[in-house]
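Peer 1: Make a model of this:
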Amino acid sequence: MEEHERGPEPVATPEPAVAVPAAASGPVAFSAAHGHACGCGTCSPAWSARNVLALQRGAGNAAVARSIATRRTIARVIDDTAYNEGRQARDEWIAEGVRGPADHVPSTGRGGFEVSYDPGAQQLTVELRGGVDFRDGMKLYFGTYAVAQQPGNGPAAAAATAINALPRAQRAAAMAPWIWDDATKTTFLSEFESSIETAWSAKHQFHCSKEFWTDLGATVDVRVVVRDGAQSSDSGEHMNVVSYKESDATVASTPAHVAQTETFGSHDADDNEMVVNSTQTRRRSDIAQSVSVGFDPGTSTLTAAASGNLSWFGNAYKSGGGPTCSQCSKPIAEAAVGAVNVSLPGEGSDATQIEASARARFTSVTAALVAGGMTDAATRCVLTISPGTGSNGSVRMGAGVQQIVAAHEAGHMFGLGDEYTAPFSGTGGDLGTPVDPGLGGAQGLPEAVHENSDTIMSVGDAVRPQHYATFLEALKAVSAMDDWVFGAAVPVTPPNPALDNTPGTTDPTAPVTAVA
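Peer 2: Here you go, the predicted model:
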């Protein structure tokens, strides 16, 4: 065949620059087990200028020329079309700007709020608005008799009885802690907003699951706006907040609640009423999240008071068995309730004796909790040996942070149900039974179960992944895109011809396209 019929000879693909150790005295051998452009540290420098020069000196110019001329180099062709198209689509979607705001009613049919998503800032904004109907906790009838105004409020009724036992001239002044004024209204509005925003904002994140879009994330910013005055029909507010004034000394008044105000027809985002009293914007004191324990000096024998405390704690905070992974059925650590933290001192003349004493006491504590009903106490409890020596310690549920009732009730406005059981309330579900079945699973999150714990929809303060299920649901709705999952944004890797992988983040082990 004539030269012009064969076509041009293939041209060698330029090699990426690869550093060669200065100590090398000869050429690096080319390995037949690798392609010339595979990018591995052994093969890449084989035909570098330095190695060609060394080979020329050893074998002669002619031999080297023949070796290079007869070699047909394999050139890797990285097809970056999918990557470029995916990134362009992502950027165009972001450029379209903020999605929303739009009202959202969770799939549970409970509550309602406004949601918007700013892809440029990667922020999901959840806004809850309401008007506050301030009601005095007491009224003085005929200038003589104090009468509690909130039905079923035992502490208010008892206070009214005590006030009526006072001389008439003193009754009006004694009622003052139960009457709203401008200063206490302003304080309530501020505390109501901040307590909910702090409890619910920025606890977890979401990100887009589309290929080449995974670096598009969504942090959650919860905003609450309330004003003085009952909700009006044209206000665009989601709830009417009824707040009875209580004395700051009040403990365990009538439980707060959220209820629907629309009796007939569909439930809209603004058909809600929340009843939360004036003291319920601060941390509650009526449900203990920790108990004290004591021992007879020099022993691991619990005092009678400590045994009683642990019996109550073991019954109150026994596990409901969830949430668990749907695939392996093992508990999901991040979604589960907090550990039971046991802080105990030891006694003895040296560190070894003190530690041994504390561990013996820990065994006594876990045994008492098991007897109280916490059958998994041995695995749930975590020991911290207190500094110093002594006979008194503590046991706490998770971080032991008391709940703010207003923040818990906001969870109902976000569509979530109560997770607690007895002994704290007669309205809780049976231990271990599902709460809002299917809600978490539909969003790729764990399912909540009924148990008394440190979580915000139980009797504590912690916001777990499952409590963001309705936020993820709202993000999908407002963005008109279902490709969102739980977790922080994931960087997208651009194509790299020097690496033996395909562009993007989906399958780094897949082969690249090669041509001779």
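Peer 1: For Gly388, pull up the helix or strand it's in.
Peer 2: Taking DSSP states H and E as the criterion, Gly388 maps to strand 381-389.
Peer 1: what's downstream of the helix or strand Ala169 falls within, the next helix or strand?
Peer 2: Following DSSP H and E, the helix or strand that holds Ala169 is helix 168-174. Next in sequence after helix 168-174, counting helices and strands by DSSP H and E, comes helix 182-200.
Peer 1: Which helix or strand lies directly C-terminal to that next one?
Peer 2: According to DSSP H and E, the helix or strand after helix 182-200 is strand 205-208.
Peer 1: Just want the angle from the helix or strand that that following strand is followed by to helix 182-200.
Peer 2: Reading on from strand 205-208 to the C-terminus, the next helix or strand found by DSSP H and E is strand 217-228. Per axes from the mean of the first three to the mean of the last three C-alpha atoms, to 10 degrees, the angle that strand 217-228 makes with helix 182-200 is 160 degrees.
Peer 1: The helix or strand just after strand 217-228 - contacts with which helices or strands?
Peer 2: Beyond strand 217-228 on the C-terminal side, the first helix or strand identified by DSSP H and E is strand 239-244. Counting contacts by 3 or more C-beta pairs under 8 Å, 6 or more residues apart in numbering; DSSP states H and E, strand 239-244 packs against strand 123-135, strand 272-275. All C-beta spots, glycine's among them, are computed from the backbone N, C-alpha and C.
Peer 1: Please identify the deepest-packed of those.
Peer 2: Compared across these, strand 272-275 shows the largest average neighbour count, a mean of 22 (mean count of other C-beta atoms under 10 Å).
Peer 1: what's downstream of that one, the next helix or strand?
Peer 2: Next helix or strand after strand 272-275 toward the C-terminus (DSSP H and E): strand 290-294.
Peer 1: buried sites along that next one?
Peer 2: By 16 or more other C-beta atoms under 10 Å, the buried positions in strand 290-294 come out as Ser290, Val291, Val293, Gly294.
Peer 1: Output those residues in CSV; the columns should cover pLDDT.
Peer 2: As requested, those are exported to CSV (pLDDT from 0 to 100):
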residue, pLDDT
Ser290, 94
Val291, 96
Val293, 97
Gly294, 97
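Peer 1: So for the helix holding Ala169, what gets flagged as buried?
Peer 2: Across helix 168-174, burial judged by 16+ other C-beta under 10 Å covers Arg171, Ala174.
Peer 1: Sort out which one of the buried residues of strand 290-294 lies nearest Leu383 for me.
Peer 2: Nearest to Leu383 among the buried residues of strand 290-294, counting by C-beta to C-beta, is Val293 at 12.2 Å.
Peer 1: quick one, phi/psi of Pro151?
Peer 2: When read as degrees, to the nearest 10, the backbone of Pro151 gives phi -60, psi 130.
Peer 1: residue contacts, it?
Peer 2: Shown in contact with Pro151 (C-beta atoms under 8 Å, 6 or more residues apart in numbering): Thr254.
Peer 1: Could you report the separation of it from Asn272?
Peer 2: To Asn272, Pro151 is 20 Å away according to C-beta to C-beta, to the nearest Å.
Peer 1: What of Gly338?
Peer 2: In this view, Gly338 and Asn272 are 30 Å apart by C-beta to C-beta.
Peer 1: swap in Thr161?
Peer 2: 34 Å.
Peer 1: How many neighbouring residues does Gly109 have?
Peer 2: Residues lying near Gly109 (other C-beta atoms under 10 Å) number 12.
Peer 1: which residue sits closest to it, ignoring its sequence neighbours?
Peer 2: Ranked by C-beta to C-beta, 6 or more residues apart in numbering and with sequence neighbours excluded, the top spatial neighbour of Gly109 is His267, at 5.6 Å.
Peer 1: Got the confidence number for that neighbour?
Peer 2: Note on His267: pLDDT of 89.
Peer 1: quick one: contacts for it?
Peer 2: Neighbours of His267 in contact, by C-beta under 8 Å, 6+ apart: Val105, Gly109, Gly112, Gln260.
Peer 1: Please pick the buried ones from those residues.
Peer 2: Buried subset of the contacts of His267 (neighbour count, 16+ other C-beta under 10 Å): Val105, Gly112.
Peer 1: mind putting the contacts of His267 in TSV, pLDDT included?
Peer 2: What follows is these, written out as TSV (pLDDT from 0 to 100):
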residue	pLDDT
Val105	97
Gly109	94
Gly112	97
Gln260	92
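Peer 1: Tell me where the stretch 51-200 of the chain is predicted with low confidence.
Peer 2: The model of the stretch 51-200 of the chain has pLDDT under 70 over residues 51-78.
Peer 1: Also the stretch 401-516 of the chain?
Peer 2: The model of the stretch 401-516 of the chain has pLDDT under 70 over residues 425-426, 497-516.
Peer 1: 80 instead?
Peer 2: 422-428, 496-516 (pLDDT under 80).
Peer 1: now the helices for it?
Peer 2: Using DSSP state H, counting those that start in this stretch, the helices of the stretch 401-516 of the chain run over 405-413, 439-442, 469-479.
Peer 1: Which residues does the last one contact?
Peer 2: In other words, helix 469-479. With contacts defined as C-beta under 8 Å, 6+ apart, helix 469-479 is touched by 99-102, 104, 106-108, 113, 115-117, 124, 126, 206, 218, 220, 414-416, 439-440, 442-445, 482, 484, 486.
Peer 1: cool, the second one as well?
Peer 2: Residues from elsewhere that reach helix 439-442, judged by C-beta under 8 Å, 6+ apart: Ser107, Thr108, Pro323, Ser326, Gly415, Pro446, Glu447, Ala448, Gln466, Ala469, Thr470, Glu473.
Peer 1: Mind listing what's buried along it?
Peer 2: Within helix 439-442, the residues scored as buried using 16+ other C-beta under 10 Å are Leu439, Gly440.
Peer 1: same check, this time on the first one
Peer 2: Residues of helix 405-413 classed as buried under the neighbour-count rule (16+ other C-beta under 10 Å) are Val405, Ala406, Ala407, His408, Glu409, Ala410, Gly411, His412, Met413.
Peer 1: For the residue positioned nearest the centre of the chain, which non-adjacent residue is closest in space?
Peer 2: Geometric centre of the chain, nearest residue: His204, 3.7 Å, by C-alpha atoms, centre = their mean. Nearest in space to His204, with sequence neighbours left out and distances taken as C-beta to C-beta, 6+ apart, is Tyr468 at 4.9 Å.
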